[in-house]
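>>> coords please:
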Amino acid sequence: MEKTREQAPTSAYTDLEITLKGLDSMSNCMNQLALQTQLKLCDLIVCVGSPDKLLGLKNPGGTEAAAASLT
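Predicted structure coming up:
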């Protein structure tokens with residue numbers, strides 16, 4: 001019976017270590033996701049805040065070329 005008592009804490013400790021490593025991994029993934037989300041938000045702000053720059057990126061001639069191509 002003494003062996004069972006000795007094994008239980010080590011088993012619980014091992015499970016705790018595995019759980020903590022899993023939480024650390026999830027935390028790292030969430031940090032990466034937060035960074036990617038911030039970068040996407042910055043892209044969105046730039047595109048909405050300056051739509052003429054977005055047109056300039058799509059059309060090498062700029063907004064004049066875009067207006068000429070519509071007529």
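
>>> by mean pLDDT, flag the weakest helix or strand of this protein.
Least confident helix or strand of the chain, by mean pLDDT, DSSP states H and E, is helix 63-70 with a mean of 47.

>>> pLDDT weak spots in this structure?
Applying pLDDT under 70 to the chain picks out residues 1-8, 51-71.

>>> just the helices in this structure please.
Counting by DSSP state H, one finds helices in the chain at the ranges 2-49, 51-58, 63-70.

>>> same for the longest one, what does it pack against?
If I follow you right, that is helix 2-49. helix 51-58 (3 or more C-beta pairs under 8 Å, 6 or more residues apart in numbering; DSSP states H and E). Bear in mind the C-beta positions are built from the backbone N, C-alpha and C, glycine included.

>>> list the contacts of S25.
Not one residue lies near S25 by C-beta atoms under 8 Å, 6 or more residues apart in numbering.

>>> and it, how far from K40?
According to C-beta to C-beta, to the nearest Å, S25 and K40 sit 23 Å apart.

>>> could you do S50 as well?
Remark: distance between S50 and K40 (C-beta to C-beta) = 17 Å.
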